[in-house]
Each structure stands twice: as structure tokens, then as C-alpha cells.
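S.K.: Provided below for reference: sequence and predicted model.
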Protein chains: 4
Amino acid sequence: MVKKIDINCDMGESYGNWRTGNDEEVMKYLTTAQIACGWHAGDANIMESRVEMAKKNSVAVGSHVGLPDLQGFGRREMKISPREAKIFTIYQTGALKAFLDRAGIQLQNVKPHGAFYQALLKSEELSRALAEAILEMNPKLYWYMPVPNLSMKVAREMGVKPVGELYVDMDYAPDGSLLVRREQFLYTADPKEVAQKIIKFVDEGKVKAVDGTDSELDANSVCVHGDTKTAVQELQTIREELKKANVEVVPITQIL
Amino acid sequence: MVKKIDINCDMGESYGNWRTGNDEEVMKYLTTAQIACGWHAGDANIMESRVEMAKKNSVAVGSHVGLPDLQGFGRREMKISPREAKIFTIYQTGALKAFLDRAGIQLQNVKPHGAFYQALLKSEELSRALAEAILEMNPKLYWYMPVPNLSMKVAREMGVKPVGELYVDMDYAPDGSLLVRREQFLYTADPKEVAQKIIKFVDEGKVKAVDGTDSELDANSVCVHGDTKTAVQELQTIREELKKANVEVVPITQIL
Amino acid sequence: MVKKIDINCDMGESYGNWRTGNDEEVMKYLTTAQIACGWHAGDANIMESRVEMAKKNSVAVGSHVGLPDLQGFGRREMKISPREAKIFTIYQTGALKAFLDRAGIQLQNVKPHGAFYQALLKSEELSRALAEAILEMNPKLYWYMPVPNLSMKVAREMGVKPVGELYVDMDYAPDGSLLVRREQFLYTADPKEVAQKIIKFVDEGKVKAVDGTDSELDANSVCVHGDTKTAVQELQTIREELKKANVEVVPITQIL
Amino acid sequence: MVKKIDINCDMGESYGNWRTGNDEEVMKYLTTAQIACGWHAGDANIMESRVEMAKKNSVAVGSHVGLPDLQGFGRREMKISPREAKIFTIYQTGALKAFLDRAGIQLQNVKPHGAFYQALLKSEELSRALAEAILEMNPKLYWYMPVPNLSMKVAREMGVKPVGELYVDMDYAPDGSLLVRREQFLYTADPKEVAQKIIKFVDEGKVKAVDGTDSELDANSVCVHGDTKTAVQELQTIREELKKANVEVVPITQIL
């Protein structure tokens, strides 16, 4: 049996004169790229260019929707209403879709960013608003999210297709929840180890938690980070290791 | 023979907590509403609400695209490149289109705002970039613009459908060009006089210039301003006068 | 014995092309004006003009510091760090102070706005950060705040001079806390009743709560709202009523 | 005779999560640092930190004031009025000054950035507005500017102290004007050559133009760029070469 996994990464998180990540190179190792839409990062110029990069590399594209907080990179908690969660998602996704339409690419998914995702995680009401945004835009769109997550249950109930994400360069608590820590951004994971985590997950559907126990995750996509200096090299190693282990890296549409 | 004219107005120029114009009432007297897209005015909340108002009143919708200058209301000249003219238009129009798609309405036209329009007027290169944006998004979209205007020639050459606008509450120079003056915003036109100007124009295709001579204009839409205190009452009078004179107020699709 | 009270109001909450309130007229009835500093409202143009209005009317000026959220008018809760609370206050107050220095006016106080104030209210850590900002800028600055409030205790402990505010157009709970309600913004208070509340407060140091009981408040300034249509007329009536009751309206420096 | 020159550099041009330049290291080689004030780059957090870096290294500080265009990094031409030129400068300088006051440092100078400087260069009216801003804030402030420049004449006439800048990593036309080219940002100058240009200038008051002829410049400060990868190493070499040639690198207050 062939084992399959999707690899996704946040792209287009530069802004104006400022640059983040080597998107051009990182794009080559992905099957899904969520592109920032100008609210937490990204601008029209960068969005257009990242859509072209994705097209060139046949990478599927999602909208990476964020809170209206450029200064805080969408990472500051902000209390938004369900209506705001919905219309913020529609606005940003629409702006990105215009560049996708122009490039002749279908939008594949929506993925809330940073504190927006964190807010959804904790609120059924906000999660429902996001599901509604997706249903009203296009019920075929996938909703990417870390797991486990209250949003996944809401998505399923409402007929939206959730895609659970595995975060291989971060640590998991025994209950399967992500341990988000400031230090994670300084920490560079060993790519071979990362590949082993993915292979283990593809085989068993489990990740090892910080206490050594295994935890099941309902995930079909691995989220990698492309903004470290060694990201390209690491991604190359990961892809090689996955190939050796007969893990096929494919878009989510070939999995779910 | 029935004489026809389209009446358009800038809508959705509020922002966050700040309000401009009585859009809900003004909308009732229009056949075309161009809605601000969040760059010079407007935000996701207001865009969604104005799209619903347009739908309720069967008013056709255009994207009112502006320069990235909220503080200056898109009225400060800013030197942008042709690429910027193009991608700024695509981003903003895409964001609006998402709300239109959701409401089941087709986008009818694109209309650049303020200093963006002024920049296009003077530059063939920028005008070509705007025409390209329209062609790449949807060649059926109309491009609204004051006339006479270098952009109209460019639009026609490139296969984009231009719609010339008549500005009835502003003065025209003998060469048919608009006299944009700060005082215009304080000046309240007599609605009966305004209606007479429209009727004269529909009859003869001409407007009277400040020197008393007549000037021909290639226009099919009247642009009215909805942000004055007396706008609603004036629009009501104008519509009544036009009705008496057998001028039909219809969407541009029934004219061109 | 002469009874004294300070009357303060938020000024300069317009932005760019958008206007809020009739600051020019309202200013005549105040002894303290806190001026927005460009983050939740206001811009350099408006700040300069409001400083001149305050000077003309001999009104003392405070900085009205807000969260970096123009779209949300600084009313959306945002999780900020103590460091952010401090430097946001210093940046905004510094920008305002430059216009005050130019006009030859001393800065009198700092007053956090909207969700910034709400965040301080609930957090000793953030309150300490604000007190530090004041001490580092100028220990003579007053800190205006609704009461009762955790921030007042912190201010006193740290050697900052707090000024409690009475909100006469809002309702108080029996425990003396403000009942902030969306509807309050639609509600227009009877100015004679408002004046009676102030007179009662100046006499007894108490406000009547919604349940009819009296509640003591440690306040020396009345906060009025200048952005309603009838604000000017109401303020005139209030000032007349206070005069009749021998309540002197004076700057806080003549009280504390 | 001891020859003296000031070395200045733009600092604090990061924003939020985005980083530009290694300010911490570059600061060690400067005598003047102009710090961005949040309009074209920089934010309160970065401003505070750069002020502390300047203090630690005894570097004099200027305000680096820009147009309100974060997305365009203040490099897009924008038509502003003289009033705007003045109040934009006062707002930004005031915000920076608050951090300087807190650190116990005097503000030394004002230096307009990018398209703001370009606009001043061409307009006597705007130059007068900037001079007025300085005179109203503090007549002792220096005004840094590339030379030759219409602004210098205006500054002198109005009693403001101009400081001409030498740009050693850019090319000069035979008339002494700077050749600003996009490619300059890719071009890394040989630091020894750069040092020789400075030494020649300090000796003769002249720079070599692209056509090989010498051109006199009224300059007392060298502007270096700190945002390239090799900036720190280059600055170290330049400082060593200047030392060998007995050129003293000192603050402008020890020169003018």
C-alpha cells in the first residue's frame, strides 16, 4: 500500500520592502502553499508573485487569512465577532482568488493564521463563522487546521472538509495538543528526525509526545516552516527520506 | 424614441467607526453603485453591507479601486508603476467580487477613484495596465471614467468597454474637461438644474461649459455624489424630473 | 464652600477625510481635552488643529492613547504585553507633545482609550506598565481613568496622580462599576438630569446606581461625550445648571 | 590640522516581525543615527530599542521622517502639501523625542527619508515648510540632506543649520548630483575604495563624478548604508582606513 502525505507551508509572508523566507526555493518542495493575503503579511505584489511560483511548481494554493494586524504579524490576540471572522475570511480569500483566477488555478483551501487560528480553536461560535464563510464561498474548499481542534468537529458537522495538520518541527503534549513556544522559532529541527516523525505518522497515525507516549492525530498534511535559513536544505532532506520510505508527497485532493 | 441614462454613485466610503453618506437611502436612486474596496475607504464590513443594499435595490455593482492611502482618502497623488496599477486593481476587485459571488451578483464594472483615476488620465502606460487588469479578470467588465480622457482611447484599442461619465454637479471647461475644485464639495447644486443638464445631455449629447459654449461628451452614465446632507432629496427630485422628460434610468447593460 | 469639578471630553477622533463630533464648539465647554494620537483615531493634521482649539479656549490637554487598531476604533480587545502598553503610550504621547510644545502648552494628563483602558482595568501588570510610562515621561502627569478601578490603586502605589472620572451619561451598577452597553451610544441623556447627577456628586461624592442605591466614587472629573448631534446644546445646559448650583468648572490642577 | 567627518546611517528600518539590517553591530561605527519613526518603517518597539543602542554607543540621534507609506517604504512619490510636510515632521519627530527624553538624550537632527527628501529637493515651498517645522520644534536641530540641494539654500536663509551629506556608495553626476539607481542596492562597494573617497573628500572637499571630473560638495557627514550583508565588515574597514589617514570621526556638533 502506498502511503501519502501532503506538505504545506506558509508562503508570501514578506511585506513591501521587507523579505521573509526564500519562497522561490521552498515552493519546490511543497504540495500546498497557503499565501498571506495582506492583513497580517503579504501585499498585492507578493501575492501575485507567489501565485505564479505556485503555478510554476504545480503547488496547490490556499488562502492564509489573518487578523488585521500587520504590526503584530497577526499573532496578537484580538477579540473579533463571528461576523468579523466571516467577512475577514471572505475579503482576504477573494483578493487572493483574483490572482488565482488570473493564473488559471483553483483555490484549494483556507487556512487561518496565528492568533486568528488560536481564536477559532477556542470558540465554537467563531469556528461556525469560518465554516459558513467557506460554505458561502465554495463548499469544496478544504479547511486546514492543527489538530486536535474543536474546529474540526464544527467543520464536519457543517459539511466543510477539514484537513488536520501535523507540525513536525514543534512538540506535542501527551494529549496531542501543540506546545507553541517562542523558542520554537529559534530551534532548528534535524531534518532526518523530522522525516522519521512523518514516516512514523504515515505508518501509525501517531506522533510521539514530549513525555515519550504516542498520541493519535487525525492529520493528512504536514506543515513545515520555510522562513529559517536552513529551510531549503532541510526540506530537500525530508523529501529524500520520505521517498526512500515510499511515502508519496501529493496534494490533499489525492488523499481526501 | 426612448432616451436612456445610467446613474452611478460612489458607495461604501465609510470606514470602521466613521460614516460617510446615507448609502441606504441613496442606493434607491441608482442603477450603478461602485463600492470602495478598503484601500482609500471602505472595509470588509461595509463592503458586505453595501453589496446587500445593492442587491436589495437591484443596483449593478462596480469596484471602486483606490490608491493605498486611507489617511488621504486616495486623493493624494502617488507615483505608482503600471504593475502596481494592475495588481492594486486585481486585489481590490477580487476582494469585492467575493462578496458579490456570495450574494449571487455579477460584477459590472471597474472605476478607479480619486488620484488613481487622475494618474490614469495622464498616462497611457498606466491606462494600458488598467485595461490589462480588466481583460485578465473579465473582458466583459465595463471601465467607468470621466470624459474626455486618454484612457478611453486606450480602452477601446485594447478591447475594454469604456463608459464615459457625466458629472452634473461639477463645472466643465470649454474643452469638455472637468474643473475639479475644492469648493465643489461645499457647493450644493440645484437638483432641478442638474436634471435639466442631464435631460439636455441625453437629448443633445452635450454639456454647457463655464463659458456658456456647448461641449460634446461621449458619456452614458451620470455620476452623482451621495455624501452631502441633501443628497437623498436631490436624487429624488432628479429622478422625478427625468421621468417627466421621458428619460429612462437603466443599467449600462441596457444602453451599451 | 466652593465646589469644583473638571469636565473632560475625547477630542480629535476624526481621521483623514472622516469627521467625528463638532470639536470646535464642544471645546468651549471643557476644562480638559484628551486628544487622539493617530492610532485608534486622529492624525497629525487633526492633532495640530485640536491643540490650537484647546489653546484658544484655555483648555488643558491630555493624550488619548489607543491600541493600534484604526479599523476597530481601538475598541477591539487586543492582547498586548506590558512593554507594548508602555511604549505605545510613550510614542503617542510624544507625538502629541510635539504639537503642544509648539503651541507653548504643557501636557496635563494621559488617558488610555477604549479597549486599552479596558485591558488596564483588568491587569495589574499592564497598569504598572502605564504608570511606568508616565513616571518616565513626566511624574507630574495625571492619569485619567473611570472608577472604581484596579489601576487607581496601582497609580497611587507607584506615585502617579490618578484622576477618577464620573460618567454622567452612562449607568452605574450598585458596586460603582460602569455599565458599558452598545445602546449607550444611541441614548441621549437629558442635560438637566445630567447636571443634577454632577451636582449631587459634587455635594455627596456619590452617584445613583441603576438599582436606586447610592454608590461612592473617587472622582474629580466628569467625562462627557462630544460626538452626538446634540452635544453642544447639552453641554451649554449642563454648564448653566452647574453655575446656578455654584459648582465651579475648573482644570484638575485647581482641584488636586 | 585634524580633519573631521561625521558618519551617519539610517537605523530602525525594521517593522513588526520583519528585520532590516544588523543595527546592533552597525551602530558601533556611527556618530549619527537617524531612526525611522513608524511611517515608512520602524515601530514603537524598534524605536525604543534603537534609542537604547545609540545611547550605549554614544551615537547622536536624528529623526528619520518619512511619508505615510509603509507598503512602499516611503519611496513612492506622494504629493503632499507644505502643511503636511510640516506636521508629518513634527508628529514623527515628537514620537521619537519621547524615547530620547526617556533615555536622557538630546535630539540632534532631522533627516527626511526617501520620496519625502526627493519632494523637498524639488520644491522651495516644501523646503520652507520643513525649515519651519525645525524652527518651531527647536532651532538648534540640524537638517541632514544630500547635496547639492535647493533645501540647503532655504535652510540657510531661514536660520536652520543644514548638514550636507556625502554618499560614498553611490555615484555622482558631473554636476555633483546623486545618481540614484535601483542597481545601487545590489552593488557592494569596496570598503577601501569608499574610505579613499572619504579621505579625498575630507582633504579636498571634492568627489569624483562618473565622468572622472571632480565636483565640490558642501558636506560634513558621510551617509553609509547598514542594510547589506557585509555592512558591518565594510564599516570596520572604513573606520580603520580613516584612522590611518588621521581622519577623525566625530559628531556633527564637533564640526559645525
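M.R.: Right, received. Where do you want to start?

S.K.: quick one, what contacts A:K55?
M.R.: Listed by CB atoms under 8 Å, 6 or more residues apart in numbering or on different chains, the contact set of A:K55 reads A:103-105. All C-beta atoms are positioned from the backbone trio N, CA, C, and that covers glycine.

S.K.: ok, and the most crowded of the residues you listed?
M.R.: Counting neighbours by other CB atoms under 10 Å in any protein chain shown, A:I105 leads the contacts of A:K55 with 18 neighbours.

S.K.: That one touches A:E52, doesn't it?
M.R.: No: here A:I105 does not reach A:E52: they are 9.7 Å apart, not a contact under CB atoms under 8 Å.

S.K.: mind listing what the closest residue in space to A:V154 that isn't next to it in sequence touches?
M.R.: When the adjacent residues along the chain are set aside, A:V154 lies closest to A:S127, with 4.0 Å between them (CB to CB, 6 or more residues apart in numbering or on different chains). Contact analysis of A:S127 by CB under 8 Å, 6+ apart lists A:120, A:150-151, A:154-155.

S.K.: Next, the contact list for A:E13, please.
M.R.: If a contact means CB under 8 Å, 6+ apart, then A:E13 has A:20-21, A:36, A:41-42, A:64, A:73, A:227 as its contacts.

S.K.: pLDDT of stretch A:78-98, averaged?
M.R.: For stretch A:78-98, mean pLDDT is 98.

S.K.: Can that stretch be said to contact chain D?
M.R.: No: contact of stretch A:78-98 with chain D is not found when judged by CB under 8 Å from any CB of the partner chain; the minimum separation is 14.1 Å.

S.K.: buried stuff in that stretch?
M.R.: Under the neighbour-count criterion of 16 or more other CB atoms under 10 Å in any protein chain shown, stretch A:78-98 has A:78, A:80, A:82, A:84-98 buried.

S.K.: show me which of those neighbour chain C.
M.R.: Applying CB under 8 Å from any CB to the buried residues of stretch A:78-98, one finds that A:78, A:80 fall near chain C.

S.K.: ok, back up a step: now intersect the contacts of A:E13 with the strands, please.
M.R.: Counting by DSSP state E, the part of the contacts of A:E13 found in strands is A:36, A:64.

S.K.: so which of the contacts of A:E13 is the most crowded?
M.R.: Of all those, the highest neighbour tally under other CB under 10 Å goes to A:H64, namely 33 neighbours.

S.K.: That one against A:H113, yeah?
M.R.: Yes: A:H64 lies in contact with A:H113 (CB under 8 Å); the separation is 5.2 Å.

S.K.: anything in contact with each of those two?
M.R.: By CB under 8 Å, 6+ apart, A:H64 and A:H113 have these common neighbours: A:10, A:34, A:36.

S.K.: Dig out what the first one forms beta bridges with.
M.R.: Partner residues in beta bridges with A:D10, using DSSP bridges, are A:Q34.

S.K.: measure it to A:G114 for me?
M.R.: Relative to A:G114, A:D10 is positioned 10 Å away (CB to CB, to the nearest Å).

S.K.: which of the two has more neighbours?
M.R.: More crowded of A:D10 and A:G114, by other CB under 10 Å: A:D10, with 25 against 20.

S.K.: ok, now how distant is that one from A:Y144?
M.R.: A:D10 sits 10 Å away from A:Y144, going by CB to CB.

S.K.: Which neighbours do these two have in common?
M.R.: Jointly contacting A:D10 and A:Y144 under the rule CB under 8 Å, 6+ apart are A:Q34.

S.K.: so where is the stretch 51-200 of chain A shaky, pLDDT-wise?
M.R.: Low-confidence segments of the stretch 51-200 of chain A, defined by pLDDT under 70: A:181-188.

S.K.: can you pull the contacts of the residue of it found nearest chain D?
M.R.: Chain D sits closest to A:F73 of the stretch 51-200 of chain A, with a gap of 3.8 Å, by CB to the nearest CB. Applying CB under 8 Å, 6+ apart to A:F73 gives the contacts A:13, A:40-41, A:114, D:16-17.

S.K.: quick one, phi/psi of the closest residue to it other than its chain neighbours?
M.R.: Leaving aside its sequence neighbours, A:F73 sits nearest to D:N17 (CB to CB, 6+ apart; 3.8 Å). Reported as degrees, to the nearest 10, the phi and psi values for D:N17 are phi -90, psi -10.

S.K.: hang on, A:Q233 packs against A:P191?
M.R.: Yes: using CB under 8 Å, A:Q233 is in contact with A:P191, at 7.4 Å.

S.K.: which of those two has more neighbours?
M.R.: Comparing A:Q233 with A:P191 by other CB under 10 Å, the one with more neighbours is A:P191, at 22 against 12.

S.K.: Go through the contacts of A:S127 and give me the one with the most neighbours.
M.R.: That'd be A:S151 among these, by other CB under 10 Å, with 26 neighbours.

S.K.: Helix, strand or coil: sort out the nearest residue to that residue once chain neighbours are set aside for me.
M.R.: Leaving aside its sequence neighbours, A:S151 sits nearest to A:S127 (CB to CB, 6+ apart; 4.2 Å). Judged by DSSP: H, G, I helix; E, B strand; the rest coil, the three-state class of A:S127 is helix.
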